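structure for this input, please:
(chains A and B)
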There are 2 protein chains.
Amino acid sequence: MTQLDWIAADWGQSHLRVWGLGGQTVIHAAQSDQGMDQLSRSDLEPALLALIETWLPKGQVTPIIVCGMLAGPKDWFGVKNRSVPATPLGSALVQAEIRDLRVSLHIVPGLQQNTPPDLMRGAETKIAGFLQQNPGWDGVICLPGTHSTWAHISAGEVVSFQTFLTGELFELLSDHSILRHSVAGWDAAGFTQGLDESIERPERLMARLFSIRAHSVLQQQDPAFARARLSGLLIGAELAASKPYWLGQQVAIIGTEGLAKTYADACARLSVPVSLHDATQMTLAGLDAARAFLPPTQRPQTH
Amino acid sequence: MTQLDWIAADWGQSHLRVWGLGGQTVIHAAQSDQGMDQLSRSDLEPALLALIETWLPKGQVTPIIVCGMLAGPKDWFGVKNRSVPATPLGSALVQAEIRDLRVSLHIVPGLQQNTPPDLMRGAETKIAGFLQQNPGWDGVICLPGTHSTWAHISAGEVVSFQTFLTGELFELLSDHSILRHSVAGWDAAGFTQGLDESIERPERLMARLFSIRAHSVLQQQDPAFARARLSGLLIGAELAASKPYWLGQQVAIIGTEGLAKTYADACARLSVPVSLHDATQMTLAGLDAARAFLPPTQRPQTH
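Predicted coordinates for the structure are as follows:
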C-alpha cells in the first residue's frame, strides 16, 4: 500500500478539504465545514488536526500544502499576495508557525491585481494545476464558485483577472430573500430564459429579480423554473460584465461538475468555445506542483 | 382629550406598526418586529392585540384598518388583489374573521399587474394618501424601501408599476455576504461614485460588487465610503432599470427620511425633478381615506 508522505489542503470560506497523498496517489480524503469564515486564529490547528490526525505516519514530519483563504486577508501568517502579471505559483511557499511537531504547514500565496483592485486565494492553484497539465496554453480560464473568477492567461502567466460575487448572491437570494418562497429545484428552460434576458438587457437585472416573486404569486410559476431563471439572470449578468474577458477567446472552465456544466451551457449560448475541467483535480495538480517549492529539508523522503 | 375611535395598521414583511386615532389625530403609536415574514395564521391576532390591547375603549367595537402583507400572497382572508389600471384604494375593504369581539379587522386589498407580473401590498395605501393630499396630480411615484416601487399615476389611477429588490439586496450584501467585513457607516462621496458607475455602465454591476471587497483588502478603503458606494451601485442599477418610469417625468418620492433623501440625491444627479413626502404620513392619510369604505354599521360613532 502507498504510504502517505504529504497532505494537500484547500481552505475555503465555507469548507476545509484535505487529502492525504503518497506522491500523486490520494490515500485519504476528508472535509469539514470549518471554513475560514467562522474561524479565529486559535481554531485553525484544531480544525485541521481533527481531519488529518489519524492519517499521520509516526516518526516523521508530514508537510501540508494549503491553498485558499489562509493567504490573507487576515494575514495571520504574513503571507504576501503576488501581483499580476505573474505565474500562478511563483517559486516559494510561506511556512506557517504551528505547534504540532508532527506536521509542517506551507501556504500558497494568493494573487492580487492593483488596478482595478482584485484578489484571488485558491484559484491560482487550480490555474497552476491546469497549466501543468496543459503547458503553453493561452486563453481565458473561468472558475465558477461562491466567487467566480475570470483570468487571462498568456505565456504561463496570469495577466489580469476579475472576481464576481455571483455564486454568493445566488445563495443569498435563493435562501435568505423573499425569493426563497418561490424557488426550488431546477428546470433548464428557466435557466435559458433568465440567461437570454440578462444577456439582451443586462441593465435590467434589478428589475427582474422581484419579478421572480411576482411570477410565482400571480401565475403560480413552477419553483424549478424560477430557481433556474434566477441562476440564468445572475450568470447572464456576470457574462455581460465579463465580456472583455471571453469575447473572441477560448475558455477553459474549472469547476465542480454541476456548476461547470451550467457555465458551459451559458457559454455555448454565446457561441464561446469551452473545455471543462474538474476543480478538485486541478487543485490537487496545483498543490502537487507546489511541492517542488517545499524547503529541501522538508521534502518527503521516498519510502 | 380625543377619544380613540379607530386603529390604523401597516403590516409589513419585517414589522407591524399601529396607530390609535381619534378622527385624524394620532393618540397612540406602537410597533413590533412581528412582521408577516415570521408569522403563521394563528400568530396574527396575538401579535396585533399585544400592541393595541391597552388602547381599546370599553363597550364598543373598534375598527382596525390594515394595509400591507395581510393582502396576500398567503391569502388567509381571501383578499383579492385589484388589477391595474385602478384607483389605489377601490371602494371596499375585506373584513377578516378574528376572534376578539372588541375589534373588527379590515384589510386594504393590494394591487397587481398582470403583464409584466407585479404586485404591491401597502404602497397603494401610501399612494392613496398622497393623492388625497394632492388631488389631480399626474406623474411618477417612487416608494423606496425593502422593496422599492415605481408607479405611473394618471387621472387618479395607478396605470402601471414595477417593484425592485434593491433594499433587500443591500441588506443581504452588507449584513450577510463577504462584503460585510468591508462596509460600515456612510460617506456620501462613496454613494455618488457608486451611483455614477452604475448609471454609466449598468451592465457591469456584477463585476463591481466584489470590487468593494478588493478595494477594502488591498487599499484599506474606508468602510463608510464602501457602504455608501454599495448603496450607490444598487440604487444606480435600479435607476438604470426604471428609466422608462422616470425619464421626462416629475417624481414624488414617498419614503422614510434618510432613504427618501438618498433617492432624491440620486434623482438630482440625473436631473429628475422630485418632491419628498413622509412615508408614515402618507400611510396614515391613505388608511384615513380608506375609513370611508368601512361597512356603515362599523363606522366609528362621534363621541
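
any idea how far chain B is from residue A:4?
34 Å (Cβ to the nearest Cβ, to the nearest Å). To be clear about C-beta, it is placed using only N, CA and C from the backbone, and glycine gets the same treatment.

show me the contact partners of stretch A:287-300.
Taking contacts as Cβ atoms under 8 Å, 6 or more residues apart in numbering or on different chains, the residues outside stretch A:287-300 that touch it are A:5-6, A:8-10, A:21, A:24, A:61-63, A:65, A:67, A:89-93, A:95, A:104, A:106, A:108, A:125, A:128-129, A:132.

can you report phi and psi for the residue located most distally from the centre of chain A?
For chain A, the residue at maximal distance from the C-alpha centroid (Cα atoms, centre = their mean) is residue A:218, at 38.0 Å. Backbone torsions of residue A:218, given as degrees, to the nearest 10, read phi -90, psi -30.

check contacts around the nearest residue in space to it that is not next to it in sequence.
Of all residues beyond its chain neighbours, the one nearest residue A:218 is residue B:117 (4.5 Å), with distances taken as Cβ to Cβ, 6 or more residues apart in numbering or on different chains. For residue B:117, the contact set (Cβ under 8 Å, 6+ apart) comprises A:211, A:214-215, A:217-219.

out of the residues you listed, which end up buried?
A:211, A:214-215, A:217-218 (16 or more other Cβ atoms under 10 Å in any protein chain shown).

is it possible to export these to TSV including distance to residue A:200 and secondary structure?
Compiled in TSV, the buried ones among the contacts of residue B:117 are given as follows (distance: Cβ to Cβ, whole Å; DSSP: H, G, I helix; E, B strand; the rest coil):
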residue	distance to residue A:200	secondary structure
A:211	15	helix
A:214	20	helix
A:215	18	helix
A:217	25	helix
A:218	23	helix
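
chain B contacts on the stretch 201-303 of chain A?
A:202-207, A:209-211, A:214-215, A:217-219, A:234, A:237-238, A:240-242 (Cβ under 8 Å from any Cβ of the partner chain).

got a ChimeraX select line for the buried ones in these?
Restricted to buried positions by 16+ other Cβ under 10 Å, the ChimeraX selection for those reads:
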select /A:202,203,204,205,206,207,209,210,211,214,215,217,218,234,237,238,240,241,242
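
narrow the residues of the stretch 201-303 of chain A next to chain B to those in helices?
Among these, the ones falling in helices (DSSP state H) are A:205-207, A:209-211, A:214-215, A:217-219, A:234, A:237-238, A:240-241.

and the helices in chain A?
Under DSSP H, chain A gives helices at A:44-52, A:123-133, A:166-176, A:188-200, A:205-219, A:223-241, A:243-246, A:257-269, A:279-290.

TSV for those helices, including mean pLDDT?
Formatted as TSV, the helices of chain A follow (pLDDT from 0 to 100):
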stretch	mean pLDDT
helix A:44-52	95
helix A:123-133	98
helix A:166-176	96
helix A:188-200	97
helix A:205-219	93
helix A:223-241	97
helix A:243-246	95
helix A:257-269	96
helix A:279-290	98
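
so which of those helices is nearest residue B:57?
Among these, helix A:205-219 comes nearest to residue B:57, with 37.6 Å by Cβ to Cβ.

what comes up buried for stretch A:163-175?
A:163-170, A:172-174.

for residue A:261, give me its contacts.
residue A:276.

and for residue A:131?
A:88, A:137, A:153, A:156.

and which of these is nearest chain B?
residue A:88 (18.1 Å; Cβ to the nearest Cβ).

my read: that closest one touches residue A:128, true?
Yes - counting by Cβ atoms under 8 Å, residue A:88 does reach residue A:128; the two are 4.0 Å apart.

between these two, which contacts overlap?
By Cβ under 8 Å, 6+ apart, the residues touching both residue A:88 and residue A:128 are residue A:286.

low-confidence regions, the stretch 1-150 of chain A specifically.
By pLDDT under 70, the weakly predicted segments of the stretch 1-150 of chain A are A:73-74.

for it, which residues are neighbours of chain B?
Residues of the stretch 1-150 of chain A lying near chain B (Cβ under 8 Å from any Cβ): A:13, A:37, A:72-73, A:112-114, A:116-119, A:147.

try 7 Å
A:13, A:73, A:112, A:114, A:116-119, A:147 (Cβ under 7 Å from any Cβ of the partner chain).

identify the farthest-apart pair in the residues you listed.
Every pair of those checked by Cβ to Cβ; the farthest is A:13 and A:114, at 22.9 Å.

tell me which of the two has more neighbours.
residue A:13 (17 against 11; other Cβ atoms under 10 Å in any protein chain shown).

quick one: the more buried one and residue A:34 touch, right?
No - in this structure, residue A:13 is not within contact of residue A:34 by Cβ atoms under 7 Å, at 11.1 Å.

could you tell me which residues touch both of those two?
The contact sets of residue A:13 and residue A:34 do not overlap (Cβ atoms under 7 Å, 6 or more residues apart in numbering or on different chains).

give me the number of residues near residue A:19?
23.

what distance do you get for it to residue A:122?
15 Å (Cβ to Cβ, to the nearest Å).

cool, residue A:21 as well?
With Cβ to Cβ as the criterion, residue A:21 and residue A:122 are 18 Å apart.

show me what contacts the residue nearest to residue A:245 when sequence neighbours are not counted?
Leaving aside its sequence neighbours, residue A:245 sits nearest to residue A:150 (Cβ to Cβ, 6+ apart; 4.2 Å). Contacts here follow Cβ under 7 Å, 6+ apart; on that basis residue A:150 touches A:140, A:142, A:161-162, A:242, A:245.

what about stretch A:151-167, distance to the chain center?
Offset of stretch A:151-167 from its chain centre (Cα atoms, centre = their mean, to the nearest Å): 12 Å.

now the terminal residues of that stretch, how far apart.
Chord length of stretch A:151-167, first to last residue, is 17 Å (Cα to Cα, to the nearest Å).

again, but for stretch A:4-22
4 Å.

can you pull the buried residues of it?
So, applying 16+ other Cβ under 10 Å, buried residues of stretch A:4-22: A:4-13, A:15-22.

which of the residues you listed fall within strands?
A:6-11, A:16-22 (DSSP state E).

and which of these is nearest chain B?
Looking across those and measuring by Cβ to the nearest Cβ, the closest to chain B is residue A:11, at 15.0 Å.

contacts made by stretch A:238-249 with the rest, please.
A:139-140, A:148, A:150, A:152, A:162, A:164, A:166, A:198-199, A:202, A:266, A:270, A:272, B:203-204, B:206-207.
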